[in-house]
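**Student:** With the sequence up front, the predicted model follows.
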Amino acid sequence: MAKYNKADRPDVSPEEMYEIARRVCEKTLSDPEIAPKFQKTKLIVNFKYYDEERWGPDVVPEITVDCTKDPIDLITGPCDLVPEISMSMEAFTAHLFWMQKLNLMSAITRGLIKAKGPIPKAMKLLPMMKPFYANYRLTLQELGREDLLDFPTD
């Protein structure tokens, strides 16, 4: 596990989170080898992120990925879709996950990520996530967010 002091985490606004998510998904899911694998799952997955300390208790950005569509649909903000899998976590926890500094199953069992739905199905997605990790880093680089790329230190 990476070493960090949560208080030192770089600041990210909900709008920046949406922009990063959109770019990462566009890069990854435009790959004709990757998108069909996700579409085959027929999953609708919802992610909720919070940072009460910085955004307050009422600001909870949501990202929903609809793998039932072609092309796969990414919805930022609340929507009417009913997800099969829902995950809720601090925005900072999500950053640790995308930087590959956090094990998903460990984070769920420790309560860092609250997951609802068939967790074994979510775990089957993990081997397909590699391109997302690389594109997360690439997107942060393109946006000039070296502060996020450098945090946390190993």
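**Tutor:** Structure's in. What do you need?

**Student:** in the chain, which helix or strand is least confident?
**Tutor:** Scoring the helices and strands of the chain by mean pLDDT, DSSP states H and E places helix 119-125 at the bottom, with a mean of 85.

**Student:** Mind listing residues that contact the biggest helix by length in the chain?
**Tutor:** With DSSP state H setting the assignment, residue counts place helix 14-29 as the longest helix in the chain. By C-beta atoms under 8 Å, 6 or more residues apart in numbering, the residues outside helix 14-29 that reach it are 12, 34-35, 38, 49, 55, 59, 61, 63, 65, 71-72, 74, 76-77, 91, 98, 131-132, 135-136, 138-140, 142-143. Just so you know, the C-beta spots here come from the backbone N, C-alpha and C atoms, and that holds for glycine as well.

**Student:** which other residues reach stretch 130-150?
**Tutor:** Taking C-beta under 8 Å, 6+ apart as the criterion, the residues outside stretch 130-150 that touch it are 10, 12, 16, 19-20, 23-24, 27-28, 31, 34, 95, 98-100.

**Student:** Kindly report the same for stretch 72-81.
**Tutor:** The contact list for stretch 72-81 (C-beta under 8 Å, 6+ apart) reads 18, 21-22, 25, 29, 35, 38-39, 44, 46, 61-66.

**Student:** Can you flag the buried ones in those?
**Tutor:** With burial judged by 16 or more other C-beta atoms under 10 Å, the buried subset of those is 18, 21, 25, 29, 35, 38-39, 44, 46, 61-66.

**Student:** What helix or strand is the residue nearest in space to the middle of the chain located in?
**Tutor:** A centroid search over the chain (C-alpha atoms, centre = their mean) returns residue 94, at 5.5 Å, as the residue closest to the centre. In this structure, residue 94 sits in helix 91-98 according to DSSP states H and E.
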